[in-house]
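Trainee: coords please:
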Amino acid sequence: MLDPNFKRTVVLICEHGDHDTTGFVLNKTLDIKVNELLPDFPESKAAVFVGGPVAVDSLHYLHNVGDMLDNSLEVCPGVYWGGDFEKLKFLMENGLIKDNNIKFFVGYSGWSEGQLIEEMQETSWIVEDMDANYLFKIKPFVLWQNRAAQ
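Mentor: Below you'll find the predicted structure:
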């Protein structure tokens, strides 16, 4: 992908519908803490990423504690999107959700109806199955290299 927003990125597609697609870039970290973005958020060293070029004034999160956060959506085995934000803050403040259980994303990656399918037909993307370890165990800066080399 030559688009600078997506060159050498790994994107997890979280929602694909008839009219649009939403995902998050997993390997573009920001040098900022979530409580710098949201001053009332508990102190955290959880990673913050550029989620994509859409709605960069929004914050999203992927985590592996779906059973603890009401209204979270399982996007693949062991990876959940969103959930009750006030409960998230409470659980993190009390150490029940650890920094390594969650990743935050500023903005998201979005495609309009048919756009992602067209890009895949042009072989702009390498498609792989998602494994929760890619998000929670592999260092973000080597994630693209590991997947592209296979």
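Trainee: so what's the residue nearest the centre of the chain scoring on pLDDT?
Mentor: With the centre of the chain defined as its mean C-alpha position, the nearest residue by C-alpha atoms, centre = their mean is Phe24, 4.1 Å away. Looking at Phe24, its pLDDT stands at 98.
Trainee: The one helix or strand it maps to packs against which elements?
Mentor: Secondary structure assignment for Phe24, by DSSP states H and E: strand 20-25. On a contact count with 3 or more C-beta pairs under 8 Å, 6 or more residues apart in numbering; DSSP states H and E, strand 20-25 meets strand 11-16, strand 48-50, strand 102-112. C-beta coordinates here come from the backbone N, C-alpha and C atoms, glycine included.
Trainee: Now do it and strand 102-112, the angle between them.
Mentor: Compare the direction of strand 20-25 with that of strand 102-112 by axes from the mean of the first three to the mean of the last three C-alpha atoms, to 10 degrees and you get 140 degrees.
Trainee: Dump strand 20-25 to PDB, restricted to CA.
Mentor: The C-alpha atoms that make up strand 20-25 are tabulated as PDB, following Å, rounded to 0.1, in the frame of the first residue of the first chain:
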ATOM      1  CA  ASP A  20     -18.600   0.300   5.500                       C
ATOM      2  CA  THR A  21     -15.600  -1.300   7.100                       C
ATOM      3  CA  THR A  22     -13.800  -0.300  10.300                       C
ATOM      4  CA  GLY A  23     -10.400  -1.400  11.600                       C
ATOM      5  CA  PHE A  24      -7.400  -0.300  13.600                       C
ATOM      6  CA  VAL A  25      -3.700   0.000  12.700                       C
END
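Trainee: Other residues contacting the helix or strand following it?
Mentor: Proceeding C-terminally, strand 20-25 gives way to helix 34-37 as the next helix or strand, assigned by DSSP H and E. If you take C-beta atoms under 8 Å, 6 or more residues apart in numbering as the criterion, helix 34-37 is touched by 41-44, 46, 48, 59, 104, 106.
Trainee: Which of those residues are buried? Put it as a PyMOL command.
Mentor: Selection of the buried residues among the contacts of helix 34-37 in PyMOL, burial being defined by 16 or more other C-beta atoms under 10 Å:
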select buried, resi 41+42+44+46+48+59+104+106
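Trainee: In TSV, list the contacts of helix 34-37 along with pLDDT.
Mentor: Output for the contacts of helix 34-37, formatted as TSV (pLDDT from 0 to 100):
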residue	pLDDT
Phe41	96
Pro42	96
Glu43	94
Ser44	95
Ala46	95
Val48	97
Leu59	97
Phe104	98
Val106	98
